[in-house]
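Engineer: got a sequence here, can you build the structure:
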Amino acid sequence: MTKHPPNRRGINFEVGAQLEARDRLKNWYPAHIEEIDYEEGKVLIHFKRWNHRYDEWFCWDSPYLRPLEKIQLRKEGLHEEEGCAGFHINDQVLACWSDCRFYPAKVTSVNKDGTYTVKFYDGVVQTVKNIHVKAFSKDQSVTAYVEQ
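Structural biologist: Now for the predicted structure:
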C-alpha cells in the first residue's frame, strides 16, 4: 500500500519541487526534492550548491522541511504583512548612519526593493534599508541630533 504525501501549505511533493531544509547543524538552506519514496513516506532532499553526498532523506511530515516562500519574498523585495508604517517621499525621518546612530533625514525616494534613499541634514544622500529608518517625532529637536 502506498502512502500519500501530506497536504502542506507551500510544499509540493514532487521531484524538483523547491523548498528549504534544515541540515544536521541546524542551519536552513534552499533545497529541492530529488526522489520520493511513497512506501516509506520519505523524500530525498538535495541542498542547492552542495555536493550530492550531502543529500538526505527526510520524512515528508518532518518539521525540518519548510516552504521557500520567505526567501522568495526577500529576493523579490516583497514583504510579508509588516506592522510598521511605510514612509513616503518628503517625510522627515531618523535614518541610521554608518556609525549605527540615527540622524534626521528626509526621504527622497522609496525604492522597489524596500529601501529608502534619504538626504541627511548635512546634505549627504544615502540608501538605507527600511529597518534603518524610524519615524521622526515633531517633539524631537533637530539640534539635539546635529550636535551629537
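
Engineer: show me the domain layout of the chain.
Structural biologist: 17-67, 91-135 (the TED database).

Engineer: can I get those in a markdown table with distance to residue 7, mean neighbour count and mean pLDDT?
Structural biologist: Heads up, the C-betas are built off the backbone N, CA and C, glycines and all. Putting the domains of the chain into a markdown table (distance: least, CB to CB, whole Å; neighbours: other CB atoms under 10 Å; pLDDT from 0 to 100) gives the following:
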| stretch | distance to residue 7 | mean neighbour count | mean pLDDT |
| --- | --- | --- | --- |
| domain 17-67 | 11 | 15 | 92 |
| domain 91-135 | 32 | 15 | 90 |
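
Engineer: would you list those domains in TSV and tack on distance to residue 4?
Structural biologist: As requested, the domains of the chain are exported to TSV (distance: least, CB to CB, whole Å):
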stretch	distance to residue 4
domain 17-67	8
domain 91-135	39
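
Engineer: nearest to residue 8, of those domains?
Structural biologist: Nearest to residue 8 among the domains of the chain is domain 17-67; the distance by CB to CB comes to 7.7 Å.

Engineer: give me the distance between the two termini of the closest one.
Structural biologist: Across its full length, domain 17-67 reaches 10 Å end to end, with CA to CA, to the nearest Å as the criterion.

Engineer: then stretch 15-30?
Structural biologist: When the termini of stretch 15-30 are compared using CA to CA, they are 15 Å apart.

Engineer: what lies in contact with it?
Structural biologist: Taking contacts as CB atoms under 8 Å, 6 or more residues apart in numbering, the residues outside stretch 15-30 that touch it are 10-11, 31-36, 45, 47-48, 50, 54, 56, 58, 64-68, 70-71.

Engineer: go again with 7 Å.
Structural biologist: Under the contact criterion CB atoms under 7 Å, 6 or more residues apart in numbering, stretch 15-30 has outside partners 11, 31-36, 45, 47-48, 58, 64-68, 71.
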